[in-house]
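A.B. asks: Requesting a structural model of the entry that follows:
(chains A and B)
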Amino acid sequence: MLIDAKEAFTSNCEDALITQVKSGDQQAYAQLYSLHVKRVYALCLRLLADKEHAEDATQEVFVQLWHKIASFEGQSQFSTWLHSVTSNIAISYLRKHKNWLQKVVSFEQSGMDEQSAADCQGLNGLDKLVLRLPERARMVFVLHAIEGYRHEEIASMLDMAVGSSKSQYHRARQLLKEWYENE
Amino acid sequence: MSKQNFEQFLTLSLNETESELTPEKDLWPGIERAIAKPKNEIKAKNSGWNKLAAIAACTVAALLTVQLLVKTPQNNSVVAMSDFFTKQKQSLLVQYQDSPAVTDNWQQQLRELEQAESAIKQALENEPNNSALLSMLAQVYQQQLDLINKVHAPKWQSI
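C.D. replies: Prediction:
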């Protein structure tokens, strides 16, 4: 009951902030940023497996959000909408920041090295393994297992076949299992 | 205590996954600067000829190097690639010589990339047609061009 009341209060505050932001209030936007930055960063870090890129992408999310927020009509929860905006921006960030050689020969970026993943604060054991996964397997695993997207949705977001999304998920699980059992 | 099996570990971990993580640096100042600029200023800055020329130079460099890597894997590939990228790099450095850099240590970063370049070239002396090494060399060259572009035309200043 107490939790419901708290959630309702937060939601009302958030609605008020969104209205203020839509009218161009930057102070309200700073508050909205404070409410959501940690969730946005967590998703960016898991998808990009690089702290600096995750920070850059988080900034990009909030810059784009400032310009896009007028199109938020409140039909879904703001956090759900922001979540979808973040996933799409992180995915296009990754595409944009591939170097020309990766684009031309389309070889896959490996994940974070073991030591860097271990050094990431606030991550549990699974997260540290997930950051080590190769790019496609990692993105599919994060979107499906952690964020709850369906393979059909992931296929459309990542521009791949549904079967590829499923096989990348299987590949991710196999690698995670292997690493976990060898730890 | 025995280690739990993978399925248990996965289920438990997914339930406990933190939905929030704190970035190490304060990201707000960059966002605040970016949203403070009016949209027409963004367009004006982004249309700068310098930036276009730099991007064009990098693209041409990339395409020609792909030709070198994929179509002509000969003993002189390394020399040809080095000559080409060195010219691109010099041209960028000349182009940006009057522009302030956003970080103080970019030359140090460039030196580190140049050291990596030397190490790869040394390895290529023994295996001049090793495509993995050639790819690595091309990547290091690309990183040098990206670094020079990035520190002189930073994203959060131009937005």
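A.B. asks: which element is A:Lys38 on?
C.D. replies: Assessed by DSSP states H and E, A:Lys38 sits inside helix A:26-48.
A.B. asks: With B:Phe9 instead?
C.D. replies: B:Phe9 belongs to helix B:6-16 when assigned by DSSP H and E.
A.B. asks: Just after that helix, pick out the following helix or strand.
C.D. replies: Per DSSP H and E, helix B:6-16 leads on to helix B:28-36 as the next helix or strand towards the C-terminus.
A.B. asks: quick one: buried residues of that following helix?
C.D. replies: Residues of helix B:28-36 classed as buried under the neighbour-count rule (16 or more other CB atoms under 10 Å in any protein chain shown) are B:Gly30, B:Ile31, B:Glu32, B:Ala34, B:Ile35. Where C-beta positions appear, they are placed from N, C-alpha and C, glycine not excepted.
A.B. asks: Same check on stretch A:15-28?
C.D. replies: By neighbour count with 16+ other CB under 10 Å, stretch A:15-28 contains the buried residues A:Leu17, A:Ile18, A:Gln20, A:Val21, A:Ala28.
A.B. asks: I'd like the residues you listed as JSON lines, with pLDDT appended.
C.D. replies: Output for these, formatted as JSON lines (pLDDT from 0 to 100):
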{"residue": "A:Leu17", "pLDDT": "87"}
{"residue": "A:Ile18", "pLDDT": "90"}
{"residue": "A:Gln20", "pLDDT": "90"}
{"residue": "A:Val21", "pLDDT": "91"}
{"residue": "A:Ala28", "pLDDT": "92"}
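A.B. asks: quick revisit: which secondary structure elements does the helix holding A:Lys38 contact?
C.D. replies: helix A:2-22, helix A:51-68, helix A:78-96, helix A:135-141, helix B:28-36 (3 or more CB pairs under 8 Å, 6 or more residues apart in numbering or on different chains; DSSP states H and E).
A.B. asks: Please work out which of those helices is packed deepest.
C.D. replies: helix A:135-141 (a mean of 23; mean count of other CB atoms under 10 Å in any protein chain shown).
A.B. asks: Show me what the helix or strand just after that one is packed up against.
C.D. replies: Downstream of helix A:135-141, the next assigned helix or strand under DSSP H and E is helix A:151-158. If you count contacts as 3+ CB pairs under 8 Å, 6+ apart, helix A:151-158 packs onto helix A:78-96, helix A:135-141, helix A:162-182.
A.B. asks: For the residue nearest the centre of chain A, which residues are in contact?
C.D. replies: The centroid of chain A falls nearest to A:Leu43 when counting by CA atoms, centre = their mean (2.8 Å). By CB atoms under 8 Å, 6 or more residues apart in numbering or on different chains, the contact set of A:Leu43 is A:His83, A:Thr86, A:Ser87, A:Ala90, A:Val142, A:Glu147.
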